[in-house]
Every structure is written in C-alpha cells, then in structure tokens.
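In: curious how this folds, go ahead:
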Amino acid sequence: MTYTGDVRVGGPSDTREINGVTVTKIAVGPYENNSYLLRCAGTGQALLIDAAAEPERLLEMIGDTPVERIVTTHQHPDHWQALERVRAATGAVTVAHPADAPGIPVATDELVDDGDTIRFGDAALSVIHLVGHTPGSIALCYTAASEPHLFTGDCLFPGGVGNTQKDPERFTSLYTGVVEKIFDRLPDATWVYPGHGRDTTLGAERPHLAQWRERGW
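Out: Numbering: from 1, shown residues only. Below is the predicted model:
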C-alpha cells in the first residue's frame, strides 16, 4: 500500500482503495484540517467529511465526482469554512448531529444520531456520537472492509482524545465514550482518520488508554 495519510497544507492529497470505497485525504486551511472524500466504487457517488477550508482546493479534488452528502463532524468553525461554497457547487445534502447543527451557519438538511447510517451510493457509514469535544461531535465508521475504517473528527488523535479545555467533566465524557463506543467495540486493525494530522490505528493507541485517563487530557 502506497497510502500513508501524511498530507500537508498546499501539498497533494493521498488516496487509497478499500473494499468498495476510495478514500482521498487532503489537508486544508490555517489549522491544517483534514477533509476526506469517500467515493463508492460501484456507483461513483461520493461523500465529503468536513468541508473545512480552501473551497477551491476541495472542489478541485472533487472534480466531476457527484457528491451526495457533506458531513460536518462538529460545530467548530475550522471544520465548516468551505461548507457553503462546496454545498452550492455540488448540491449535496448537509449532515450533522442535532446538538451541533445550530452552531453551523449553513443549514443542516439531515440530522443524525448515535447508531444511524449515512449512505452514499452503495456504501454506508455508521454514526458514533461522542460528547465532550463538543456536545454533538460524531465519528463515522466504515465496516465493509477487511478492517474497520474510522473517521474521528476531533474526538480521537494519535496520542489522545480531543481537546476538552481541561474540563474534567467533558474529558470524562469524551474518554468514556471513546473507550466504550470505539476501543471496546472495534479491533486493533481499525484505521483511524482524524480531523487534523496523521492517521493511526486503534492497536497503536490502545496501550496508552490508562495513561490518557491518568493525565486527564
């Protein structure tokens, strides 16, 4: 596999083929956000995760691929700066969790919650609601492959869970959700695509869970 997931703002995207879906990752904007274009191999229909910034680069990546849906993983502004432009250009349905949708200044067409399914073409992602980074943060899991592929927004990164501003209650909520809904349910081979930075796997992160809990961030 030539895919590394190591992308930089201003640099090229990185693409991989997994069972039934093509995943393209690109880094955009001043906060080095990752945006992900998932295309169904059977139908050509696509889904974009986080129209974060630099709409011109995102639309160049999309090209003539028909985008059915744009999912915003949470309400923080660095994850939706390009949403209005990309939605207008593609006509895609916008998707978010109801707890965060009011904080996104582009209307949400489709509200999703924990356990829901988001479809594009013949492919589908399951929704995992994780409270703590924001009230309505969601991760998205693709399981129709030899190992799960998990898009975590800002809830899980290499080295820890997302920022909870040193709030013990928010940290406990996010940590517990990540452990119970992700680490307790998915295998070590699960590939993790975060909202910023490099990819990881659950197997690489699992040995450090107790350390994360002890340090509180």
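In: for the chain, which segments count as helices?
Out: Along the chain, counting by DSSP state H, helices occupy 55-62, 83-90, 168-178, 202-205, 209-215.
In: now these in TSV, with mean neighbour count?
Out: C-beta here means a position set from N, CA and C on the backbone, and glycine is covered the same way. As requested, these are exported to TSV (neighbours: other C-beta atoms under 10 Å):
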stretch	mean neighbour count
helix 55-62	18
helix 83-90	18
helix 168-178	18
helix 202-205	17
helix 209-215	12
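In: for those, give me JSON lines that also has distance to Thr22.
Out: Output for these, formatted as JSON lines (distance: least, C-beta to C-beta, whole Å):
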{"stretch": "helix 55-62", "distance to Thr22": "12"}
{"stretch": "helix 83-90", "distance to Thr22": "17"}
{"stretch": "helix 168-178", "distance to Thr22": "27"}
{"stretch": "helix 202-205", "distance to Thr22": "22"}
{"stretch": "helix 209-215", "distance to Thr22": "32"}
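In: how close does Gly177 get to Arg215?
Out: 18 Å (C-beta to C-beta, to the nearest Å).
In: same check, this time on Leu186
Out: Applying C-beta to C-beta, the value for Leu186 to Arg215 is 23 Å.
In: could you do Thr43 as well?
Out: Distance, Thr43 to Arg215, by C-beta to C-beta: 45 Å.
In: quick one: residues contacting Leu14.
Out: To be clear, residue 14 is Asp; Leu isn't right here. Each residue near Asp14 by C-beta atoms under 8 Å, 6 or more residues apart in numbering is listed here: Tyr3, Thr4, Gly5, Asp6, Val7, Thr24, Lys25, Ile26.
In: now swap in Val67 and tell me
Out: Going by C-beta under 8 Å, 6+ apart, Val67 touches Leu37, Gln45, Ala46, Leu47, Leu48, Val86, Thr90, Ala92.
In: most neighbours out of those, which is it?
Out: Greatest neighbour count in the contacts of Val67, by other C-beta atoms under 10 Å, goes to Leu48: 30 neighbours.
In: Arg85 is in contact with Pro55, correct?
Out: Yes. Assessed by C-beta atoms under 8 Å, Pro55 is found in contact with Arg85 at 3.7 Å.
In: for Ile118, give me its contacts.
Out: Ile118 makes contact with Leu47, Arg69, Val71, Val95, Glu110, Val112, Ala124, Leu125, Ser126, Val127, Leu140, according to C-beta under 8 Å, 6+ apart.
In: where does it land on pLDDT?
Out: Looking at Ile118, its pLDDT stands at 98.
In: hmm, Leu125 and Val21 touching each other?
Out: No. Counting by C-beta under 8 Å, Val21 stays clear of Leu125, with 9.4 Å between them.
In: what's the overlap in contacts for the two?
Out: Listed as contacting both Val21 and Leu125 by C-beta under 8 Å, 6+ apart are Leu38, Tyr142.
In: neighbour-wise, which of those two wins?
Out: Ranked by neighbour count (other C-beta under 10 Å), Val21 and Leu125 place Leu125 first, with 28 against 24.
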